[in-house]
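[1] One predicted model, sequence on top.
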Amino acid sequence: MDENITQHFRPEEAPFIDAVGNWLQQVQDEYRPVLTHFLNPRQVYVATTLARRADIPVRFSGGFAAAEMQRALFYPDYYTPEAKDFELTLLRVDYPVKFATLHHSQILGTLLGSGIEREIIGDIVTDGQTWQLVTETNMADYLTGQVERIGRVKARLVTTTWDTLVQREDEWEPEAATLSSLRLDSIVGTGFHLSRHRAKELIEAGRVRVNWADTEKPDYELAVADLVSVRGFGRIRLDEVGGRTKKEKIRVILAVLKK
């Protein structure tokens, strides 16, 4: 990928930027659609930016509106994408609802423990009782045959239809703020109304992840579409970075999902 493009992103994003460049080149060379695995919100943002620069259309789908994890479909101008092109399947977790409680981390941990990569799994959703997850269609049979327990709970995965999709119980709350910087500790503190010192402690204790990756650097600088998870508190997404105030504070829009 051109150095003039990569300089606008983080150095550690270079492998993903190269992957996007290869997908875009495939569309141009083979004149056909190219479907990716699931991308996180930051990757969706990067892919959108690069596709726009290359003047190649792209659409995203995670199976339902507001899905966090989405597959990208890059395609030539002649093509009209349809929902089936994203090859998504909805699975339901069957478990003894009256006698057991499941958590998102348990389900994801079980799936990753079965030998698959995170990029194969889309969103895991619940209405507080029923748990469902989105996966790539060609992996559905493998997953339904692998899972027998989630934690200590006897459970299995079964394919279900999209009209059974649950109404998720969690809702993101938008919050406008002004920050002195886009440091991780600053945004964690602002999103959950914690002191900078407390936010720094959480990060250094390994309780914070950025885009599903562990980080213990309080000064890590965030960018648009980064997703921050704070164990025991919830999640924050950096939705928008605006201009500066007269006092040189940075205007931002955060989306906050509290536990």
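    Yes, it's here.

[2] alpha carbons only for contacts and neighbour counts from here, please
    Noted.

[3] neighbouring strands for the lengthiest strand in the chain, and are they parallel or not?
    In the chain, taking DSSP state E as the definition, the longest strand is strand 234-244. With DSSP bridges as the test, strand 234-244 is paired with strand 227-230 (antiparallel), strand 250-258 (antiparallel).

[4] Let me know which of those strands is tucked in deepest.
    Per-stretch averages of neighbours, counted by mean count of other CA atoms under 10 Å, single out strand 227-230 among the strands paired with strand 234-244, with a mean of 22.

[5] contact partners of that one?
    With contacts defined as CA atoms under 8 Å, 6 or more residues apart in numbering, strand 227-230 is touched by 41-42, 188, 202, 207-212, 235-238.

[6] remind me which residues of the stretch 51-200 of the chain are low pLDDT?
    169-170 (pLDDT under 70).

[7] would you list every one of the helices in it?
    Counting by DSSP state H, counting those that start in this stretch, one finds helices in the stretch 51-200 of the chain at the ranges 104-113, 140-146, 184-191, 196-204.

[8] any idea which of those helices is most buried?
    Across these, averaging neighbours per residue (mean count of other CA under 10 Å) puts helix 184-191 on top, at a mean of 24.

[9] these two touch, right, Y220 and S181?
    No. Taking CA atoms under 8 Å as the definition, Y220 is not a contact partner of S181, at 10.4 Å.

[10] coming back round to it: need the strands paired with strand 234-244 in CSV (columns: distance to N22 and mean pLDDT).
    Shown next, in CSV, are those (distance: least, CA to CA, whole Å; pLDDT from 0 to 100):
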stretch, distance to N22, mean pLDDT
strand 227-230, 25, 94
strand 250-258, 32, 94
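
[11] for the ones you listed, which one sits closest to G115?
    Ranking the strands paired with strand 234-244 by proximity to G115 (CA to CA) places strand 227-230 first, at 23.2 Å.
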